[in-house]
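# fold the following for me, if possible:
(one chain, ligands or ions: 1)
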Amino acid sequence: MNGFPPILAEINDLSKDQINWLLYSAKRFKLGVVPVGKYQISDSHQPIIATSFLENSTRTKHSFVIAIQKLGAMYVDFNTETSSLKKGESLEETLLTLRHQGVDLCIIRTSVSHQFDEFKAAPPIRIINGGDGINQHPTQALLDLMTFMDDGSKVSGGTVGIIGDCVHSRVAHSLMELLPQFGCKIILAGPEECLPKKLDSRLDSSMFHLTNDTKEAILKSDFLYLLRIQKERHSGPATYYDGYLQKHGVSLARLEHMLSGGEISKIPFVYHPGPANVGVELDHALMKSRYYRAHAQVTNSVYMRMAIIKAMLANLGEKDE
Ligand code: CP
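Residues are numbered from 1 along each chain as shown. I've put the predicted structure just below:
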């Protein structure tokens with residue numbers, strides 16, 4: 001499928017057909033239908049792909065690097081600390097420089113929300129957003145959707161409880177754009193400071209419910225998605241942090257208690273984009289239980305990012321699947 005945008009900054013940059021194609025393509029990589037190796041993207045041109053992580057990452061960066069190498073592309077690790085960004089060069093000039101060196105695509109993480117808006121009119125290079133501030137993390141949401149579907153979690157006609165620091169979570173913002181398109185309602189749960197004051201006007205408010213009551217979210221959800229409290233993004237102290245696990249977090253004992261009391265019929269799958277703050281939004285026992293699916297998300301991240309890269313480079317003379 002062609003027509004993917006030169007910049008994937010947010011979920012809304014993709015049509016639903018394109019999202020479905022990514023799910024199909026990622027699944028084919030996962031099942032081994034598409035052989036992994038050289039020339040996955042183009043017969044005539046070995047793509048060059050750079051990563052530029054201006055903010056820390058374990059999962060996103062390394063899954064992109066593995067995806068790049070599985071696709072047979074050349075990989076450039078753009079080291080921001082030793083780059084001329086440190087001498088005051090702009091990001092736009094940096095990206096233009098990479099493009100003129102032959103780089104085809106740059107995967108960027110930045111602490112600046114909406115960093116890519118300025119590039120949309122005239123993209124200096126193809127860009128995949130690896131997370132921009134508190135705004136969006138589209139590739140995480142796509143790999144999450146793939147994992148929910150693989151697990152048989154009820155997406156269409158179901159409800160996910162997104163519990164934690166929703167307002168500071170770029171992943172939550174991307175899931176809020178993505179999941180309602182697939183018929184999944186969203187409960188946002190957390191202390192008042194962690195919930196949006198109002199929803200983005202582009203969202204269908206009938207698909208959302210907000211609550212401060214974690215128990216209500218658990219009771220009304222088919223599966224759960226926990227978020228880290230992002231202290232580093234708060235403008236003031238997170239006053240609700242002490243005692244968070246008991247009041248707003250999810251422990252295995254809490255879920256087992258609700259199960260034994262007949263309040264829930266089964267313990268739901270629990271997802272997390274990572275990194276998790278153990279002892280805050282969840283406990284160690286839940287993290288080590290079979291209900292916790294974060295490692296399945298990580299596994300799928302490589303396949304989904306392979307599919308996204310391939311789609312973004314489709315017009316390099318690719319072999320369409
Ligand atoms: N999920 C996620 O973005 O994790 P990293 O910060 O480790 O990349």
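# contacting residues for Gln18?
Counting by CB atoms under 8 Å, 6 or more residues apart in numbering, Gln18 makes contact with 1, 3-4, 311. All C-beta spots, glycine's among them, are computed from the backbone N, C-alpha and C.
# which helix or which strand is home to it?
Here Gln18, judged by DSSP states H and E, is contained in helix 16-31.
# hmm, the next helix or strand after that helix touching the ligand?
Going down the chain from helix 16-31, the next helix or strand is strand 48-53, by DSSP H and E. No: looking at strand 48-53 against the ligand by CB under 6 Å from any ligand atom, there are no contacts, and the closest approach is 8.3 Å.
# hmm, Leu188 and Glu216 touching each other?
No: Glu216 is beyond contact range of Leu188, at 11.4 Å (criterion: CB atoms under 8 Å).
# so between these two, which is more surrounded?
More crowded of Glu216 and Leu188, by other CB atoms under 10 Å: Leu188, with 24 against 14.
# tell me the spacing between the more buried one and Asp165.
10 Å (CB to CB, to the nearest Å).
# what are the buried residues along stretch 153-167?
For stretch 153-167, the neighbour count (16 or more other CB atoms under 10 Å) marks 153-155, 158-167 as buried.
# out of everything not next to it in sequence, what's closest to the residue nearest in space to the middle of the chain?
Among the residues of the chain, Gln140 comes closest to the average C-alpha position under CA atoms, centre = their mean, at 1.6 Å. Distances taken as CB to CB, 6 or more residues apart in numbering place Val171 nearest to Gln140, at 5.0 Å, with adjacent residues excluded.
# please name the nearest non-neighbouring residue to Ala294.
Spatial nearest neighbour of Ala294, excluding adjacent residues (CB to CB, 6+ apart): His272 at 4.6 Å.
# break the chain into its domains for me.
7-137+299-316, 140-297 (automatic domain parsing).
# any chance of those domains in a markdown table, plus mean pLDDT?
As requested, the domains of the chain are exported to a markdown table (pLDDT from 0 to 100):
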| stretch | mean pLDDT |
| --- | --- |
| domain 7-137+299-316 | 93 |
| domain 140-297 | 95 |
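# relative to the ligand, how far out is Phe29?
19 Å (CB to the nearest ligand atom, to the nearest Å).
# how much space between Ala67 and Gly274?
Taking CB to CB, one finds Ala67 at 17 Å from Gly274.
# quick one: contacts for the residue of the stretch 151-300 of the chain found nearest the ligand?
Nearest to the ligand in the stretch 151-300 of the chain, going by CB to the nearest ligand atom, is Pro273, at a distance of 3.8 Å. Applying CB under 8 Å, 6+ apart, we find Pro273 in contact with 59, 137, 140, 144, 171, 227, 294, 297.
# follow-up on the earlier one: neighbour count: Ala67 and Gly274, which is higher?
Counted by other CB under 10 Å, Ala67 and Gly274 do not tie: Ala67 has more neighbours, with 28 against 17.
# hmm, that one is touching Met306, no?
Yes: at 4.3 Å, Ala67 and Met306 qualify as touching, with contact defined as CB under 8 Å.
# part of a helix, is the residue nearest to the centre of the chain?
Yes: secondary structure of Gln140, determined by DSSP: H, G, I helix; E, B strand; the rest coil: located in a helix.
# Ser289 - how many residues pack around it?
15.
# helix, strand or coil for it?
Classified using three-state DSSP, Ser289 is coil.
# Val103 too?
Going by three-state DSSP: Val103 is coil.
# same check, this time on Val76
strand.
# which residues does it contact?
Contacts of Val76 (CB under 8 Å, 6+ apart): 48-51, 98, 103.
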